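A.B. asks: Next comes the sequence, and after it the predicted model I'd like to discuss.
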Amino acid sequence: MTEVCCMKMRTVTTIVLMSLIALNAVAQTREQTSRLATFARVWGFLKYYHPEAAKGHPDWDVELTKRYLTITKLKSDEEFNKLLISWYKGLPKAKVSTSETQPKGDSIIRVFSEHDINKLNIAKDLKRELLNLYRYHLPDSSKYINNKEGGYTYDHIFHNEDMMEKPDYPDEAHRFLALARFWNIVNYFYPHKAVNTPDWDKVLADFVPQFVNAADADQYREAFLKLTCRIRDSHSWFLNKEWNAKHGDFLNMPFDTYYAGGKYIIGYSRYDSLMKANNFKIGDEILAVNGTPVAERERQIKSYTTGTNNAVFHRDLGRNLFRFDSSRTVNVTLSRNGQVIESKAKMYSYGELYQYRLRHRAKLWEDMGNGIFYVRICEIADTKNLKNMYEAIKDARGVIWEMRDYPSFKIVQAMFPGIMANRGRAEIDYEGVLEYPGVFKANMQQLPAEPDTLNLPLYKGKLVVLVNEHTQSLAESVALELRMRPNTIIMGRQTAGTTGNMIRIDMPGGIQGSYTAVKVVGLNRSFEEGKGVKLDREVKLTPAKICSAEDYLLQQAYKEALKN
């Protein structure tokens, strides 16, 4: 009996010891993650605010990678702080101003400030040094950031980073470098950080283990994709040719999916024969894909999808429902008029759909009857067509201006003399200040008037600008400017809420990430990030309304155009 009791005691003791060891390992892992996150933040600050580090003296990528393993082996915060202080003291002495230099004023917004430095869990002496670098910063040249090229100054800052395309699966230190690089770029140069990434500090700590523990190239890419999706921005893209091709990111259904009433509905298509070949009809509800119910499929792909607002988030979820892998066919379960239909459907590349549109060109403009014209401005690619279009519509009772697509920049530049008598500034752009990372300044300069080299006739009548969640970026900029025009109505569904120039950045392993680099605010709140272009007439869709017409939004726009 005594022997049995002793065995039980030894077993209990062993379990307790193992539990303590496991808890200690978890705590140690948490501490390592915290130190690595802090190191990444200090490294990023010095990259942009230490004048010698900014020049690449020494090579700043190497400074991170060669210290990575040492930091993972540290046992205490005291050791960690000693390492940081020794590292900082070993850098070339930083020249600073004798007075504070950070820009101030009503036209300034900050995405990084002293508050961010004060939050760092580092020694007081080092924190004081970093605060001095920030407050008394002397702008100088940088190896890593610029806004000039070919004699032209851009409205956004771009990044000169070592591409490190190979290997596809970087070592642990370089995977950590990828995270630190991308996180810091967003931390200092993303104007919508407070709104679209309010938990950005937490994101860094969340992703340290995902990056360093990635077992192969696929897991590394997946971690990076998820990271880009933590930015709620429809300009936040993940690009890796092999990954994108493998996961069907270049394949599409021949229709737009509308999200209405909590359901995914086939809402619009320009591909009539492809729709017939795949047994699709406008108004079909998507129930399942490859046997997976839509609700489950949505749950699977949410962390791999982003969007500046719910409308555009569900737009992209609707696309991604079908993107499982590189397979060209998927089995789609549909509900049509109360009946369940199974369709073995084909996916199409962007190129195939583009070639289809070339073979089946829609009319660039057409008379819809009763003096109402419909202009597919996003389909116009040649400025020679603009004059003919304006001649056709100059006496129209009303014009519907289709903006549920992406226009040609060349056409946008040329079109305004025919639609607006007086073109003024419609927005304020907050542009990154190159000399002070983390600072954006309002650009309120009046745009130079585009010369009317085409001698376009001026249309002065009623204009209905048709928009929805596919209206994004340049299309939104056009719509918000047309809102300044007299006798104009913006009509449809919430737009993507995503405009302003975007920028791509290179990461180890042949990856690119992107984000919106300029903050755009429409005058009189005509556009706000996330909210989109301000609507004069909102059209709420239901599955029944989508079923009732080939293009319900266009039908409603026509009715609006007929009104006096």
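C.D. replies: Sure, I can see it. Numbering: from 1, shown residues only.
A.B. asks: and Lys346, what are its bridge partners?
C.D. replies: Thr329 (DSSP bridges).
A.B. asks: Tell me, what's the model's pLDDT at it?
C.D. replies: In this model, Lys346 is scored at 97, pLDDT.
A.B. asks: now swap in the one 3 residues further on and tell me
C.D. replies: Predicted confidence (pLDDT) for Ser349: 95.
A.B. asks: quick one, what contacts it?
C.D. replies: When contacts are counted by Cβ atoms under 8 Å, 6 or more residues apart in numbering, Ser349 is found next to Phe250, Leu251, Asn252. C-beta here means a position set from N, CA and C on the backbone, and glycine is covered the same way.
A.B. asks: Angles on the backbone of the last one, please.
C.D. replies: If I follow you right, that is Asn252. Here is the backbone geometry of Asn252 (degrees, to the nearest 10): phi -140, psi 160.
A.B. asks: pretty sure it contacts Gly351?
C.D. replies: No. If you go by Cβ atoms under 8 Å, Asn252 and Gly351 don't touch, sitting 10.6 Å apart.
A.B. asks: Same drill for these two, tell me which one is more crowded.
C.D. replies: Counted by other Cβ atoms under 10 Å, Asn252 and Gly351 do not tie: Asn252 has more neighbours, with 18 against 9.
A.B. asks: Quickly note the distance from the more buried one to His57.
C.D. replies: Counting by Cβ to Cβ, to the nearest Å, the separation of Asn252 from His57 is 48 Å.
A.B. asks: which residue sits closest to Tyr136 in space, ignoring its chain neighbours?
C.D. replies: Val96 (3.9 Å; Cβ to Cβ, 6 or more residues apart in numbering).
A.B. asks: In terms of pLDDT, where does the one you found sit?
C.D. replies: For Val96, pLDDT reads 96.
A.B. asks: Next: the one 4 residues further on.
C.D. replies: We note a pLDDT of 97 for Glu100 in this prediction.
A.B. asks: Please settle this for me: is it part of a strand?
C.D. replies: No. Applying DSSP: H, G, I helix; E, B strand; the rest coil, one finds Glu100 to be coil, outside a strand.
A.B. asks: Run through the neighbouring helices and strands of the host helix or strand of Leu554.
C.D. replies: Taking DSSP states H and E as the criterion, Leu554 maps to helix 552-562. Helix 552-562 is packed against strand 372-375, strand 398-402, strand 462-467, strand 488-492, with contacts defined by 3 or more Cβ pairs under 8 Å, 6 or more residues apart in numbering; DSSP states H and E.
A.B. asks: let's see it at 6 Å
C.D. replies: strand 398-402, strand 462-467, strand 488-492 (3 or more Cβ pairs under 6 Å, 6 or more residues apart in numbering; DSSP states H and E).
A.B. asks: Let's have the ones you listed in JSON lines, adding mean neighbour count and distance to Asn422.
C.D. replies: JSON lines is the format used below for the helices and strands packed on helix 552-562 (neighbours: other Cβ atoms under 10 Å; distance: least, Cβ to Cβ, whole Å):
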{"stretch": "strand 398-402", "mean neighbour count": "25", "distance to Asn422": "18"}
{"stretch": "strand 462-467", "mean neighbour count": "26", "distance to Asn422": "15"}
{"stretch": "strand 488-492", "mean neighbour count": "23", "distance to Asn422": "13"}
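A.B. asks: With respect to Arg221, which of those lies nearest?
C.D. replies: Arg221 lies closest to strand 462-467 among the helices and strands packed on helix 552-562, at 34.1 Å (Cβ to Cβ).
A.B. asks: List the neighbouring strands of the closest one plus their orientation.
C.D. replies: Based on DSSP bridges, the pairing partners of strand 462-467 within the sheet are strand 398-402 (parallel), strand 488-492 (parallel).
A.B. asks: just the angle between it and helix 552-562, please?
C.D. replies: Put simply, strand 462-467 runs at 160 degrees to helix 552-562, going by axes from the mean of the first three to the mean of the last three Cα atoms, to 10 degrees.
A.B. asks: Give me the contacts around strand 462-467.
C.D. replies: Identification of contacts with strand 462-467 by Cβ atoms under 6 Å, 6 or more residues apart in numbering yields 398-403, 479, 482, 487-492, 495, 557, 560-561.
A.B. asks: Okay, now stretch 294-309: how far is its last residue from its first?
C.D. replies: 20 Å (Cα to Cα, to the nearest Å).
A.B. asks: Okay, buried residues for that stretch please.
C.D. replies: Across stretch 294-309, burial judged by 16 or more other Cβ atoms under 10 Å covers Val294, Arg297, Glu298, Tyr304, Thr305, Thr306, Gly307, Thr308, Asn309.
A.B. asks: all helices in the stretch 251-400 of the chain, in order from the N-terminus.
C.D. replies: Assigned by DSSP state H, counting those that start in this stretch, the stretch 251-400 of the chain shows helices spanning 272-277, 294-301, 310-320, 350-359, 384-393.
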